[in-house]
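[1] need a 3D model of the following:
(one chain, ligands or ions: 2)
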Amino acid sequence: MKKYSLKAVLLAIAAIIAAAVSAVVLAFSNVTYGNMKWRIAATFFCISFISSIVLLYVIQLLVFKKIQGLLDTVKGFRSQSDKPLSHAGFDGNEIDRLNNEISAWADDRKNEIERLKKLEVYRKEFLGNVSHELKTPIFNIQGYVLTLLDGGLEDETINRDYLMRAERSIDRMITIIDDLEAISQLETGELQIEPERFDVVALARDVCESQEMKATGKGIILTLPGDSKPHYVYADRFRVRQVLTNLVVNSIKYGKEYGETKIRFYDAGDNISIEVADNGLGIGKEHLPRLFERFYRVDKSRSREMGGTGLGLAIVKHILEGHNQSINVMSTEGVGTVFSFTLKKG
Ligand SMILES: Nc1ncnc2c1ncn2[C@@H]1O[C@H](COP(=O)(O)OP(=O)(O)O)[C@@H](O)[C@H]1O
Ligand SMILES: [Mg+2]
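    Ligands and ions are numbered 1, 2, ... in the order given. Next comes the predicted model:
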């Protein structure tokens, strides 16, 4: 439909009213003197035209004032009073603007509802995952304790062994709870990043030494660049240690026997890029987009067997996001995996 400006519509209505009034005057006046009849009609036309304009303008002002009020209310809902409301004055486009604001507001609500629905699904999933993860060690402990109570305590061939198994299950629960605590602290922003200047190569060497036992158990060698040139970064040392430990431990857990894990460092402008590369199992392409989600595992039973919680990479991602940095993964099944992340140069 063609859009007419408000002014044009007002003028047209005023002209129609004035023309109607003049026509009535012409029809009913019995003045016959010269062109007096036409003069009277013209005068009536002018008077009624002007008064119609004034009347219509006043009505329009009252109506649009109300619309402007509605517009402000809707805008207020949308902007949550963080943006000043604009009063452009009445220009006749208030109805269009109100329409636009209401549609935008409806879109906002729709997005908000979608977001809340997703959060709700996530919350349910999260609770389900947590209870599922805790169930296994708890049932194991229960089994061992019941067997011991049922006479196993007196049986010297199993009593010590069952207590040790129960202890391992308790360790597993502690690991899960520690990871859950870390993730909830990172997500609620409770955990502050405390940056300092340090040599990330020395830290990586430290991490490799602390994981050497695990690696040699599987015949895996952990290597760092031969030149041992330092690379200084400005980051939270404790958190970066957590990131490197998680990646190195993963490379051992999911690495092949007698394989190799290489840690490399690259200069990347304002940042240092750090790579942890293994020649292990690799990860299928379809898993890569979800790899950093909480509890996501490629092979659930293998991960649990290895003492994994599925939270390690989610924690790693949170820590790096806390540093305003990111992490990437490249992997080919059967060939190996490369995790790379950046840290600000120190
Ligand atoms: N270097 C790797 N090689 C192959 N698969 C990996 C590697 N790192 C992680 N993964 C896969 O990603 C999943 C998620 O890793 P993570 O969050 O650390 O949990 P988990 O506790 O299972 O180690 C793992 O279960 C494993 O399937
Ligand atoms: Mg892990």
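[2] contacting residues for Ile102?
    Taking CB atoms under 8 Å, 6 or more residues apart in numbering as the contact definition, Ile102 lies against Val74. Placement of C-beta: from N, CA and C, glycine included.
[3] got the residues of the protein near ligand 2?
    250, 308, 312 (CB under 5 Å from the ion).
[4] in what helix or strand does the closest residue to the last one other than its chain neighbours lie?
    Translated: Gly312. Closest residue to Gly312 apart from its sequence neighbours, by CB to CB, 6 or more residues apart in numbering: Asn246 at 4.4 Å. Element membership for Asn246 (DSSP states H and E) is helix 237-253.
[5] not counting its neighbours along the chain, what's nearest Lys317?
    Phe292 (4.3 Å).
[6] for the record, mean pLDDT for whichever strand or helix holds Thr136?
    Counting by DSSP H and E, the element that carries Thr136 is helix 94-149. Summarised as a single mean, pLDDT over helix 94-149 is 91.
[7] name the next helix or strand downstream of it, please.
    helix 159-188.
[8] low-confidence bits of the chain, can you list those?
    1-3, 32, 34, 79-92 (pLDDT under 70).
[9] what about 80?
    In the predicted model of the chain, residues 1-6, 29-35, 75, 77-95, 190-191, 228, 302, 304-307 satisfy pLDDT under 80.
[10] residue in it nearest to ligand 2?
    Gly312 (2.9 Å; CB to the ion).
[11] distance of that residue from ligand 1?
    Gly312 sits 3 Å away from ligand 1, going by CB to the nearest ligand atom, to the nearest Å.
[12] what count of nearby residues applies to that residue?
    Gly312: 24 surrounding residues under other CB atoms under 10 Å.
[13] go on, Asp150?
    9.
[14] also the one 10 residues further on?
    Per other CB under 10 Å, the neighbour tally for Arg160 reads 9.
[15] please apply the same query to Ser29.
    So Ser29, with other CB under 10 Å, has 13 neighbours.
[16] my read is that it contacts Ile40, right?
    Yes. Between Ser29 and Ile40 there is a contact under CB atoms under 8 Å: 6.0 Å.
[17] so who does the residue of the stretch 51-200 of the chain found nearest ligand 1 touch?
    In the stretch 51-200 of the chain, the residue that lies nearest ligand 1 is Asp179 (7.9 Å; CB to the nearest ligand atom). Contact analysis of Asp179 by CB under 8 Å, 6+ apart lists 309, 311-312, 315.
[18] for Thr342, same thing?
    268, 271-274, 325-326.
[19] just the closest of those to Glu156, please.
    Ile274 (51.4 Å; CB to CB).
[20] and the angle for the strand or helix carrying the closest one with helix 237-253?
    Using DSSP H and E, the element containing Ile274 is strand 271-278. Orientation of strand 271-278 against helix 237-253 (axes from the mean of the first three to the mean of the last three CA atoms, to 10 degrees) gives an angle of 30 degrees.
[21] show me what strand 271-278 is packed against.
    Here strand 271-278 touches helix 200-217, helix 237-253, strand 260-268, strand 336-344, going by 3 or more CB pairs under 8 Å, 6 or more residues apart in numbering; DSSP states H and E.
[22] for those, give me a markdown table that also has distance to Asp227.
    A markdown table is the format used below for those (distance: least, CB to CB, whole Å):
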| stretch | distance to Asp227 |
| --- | --- |
| helix 200-217 | 9 |
| helix 237-253 | 19 |
| strand 260-268 | 10 |
| strand 336-344 | 19 |
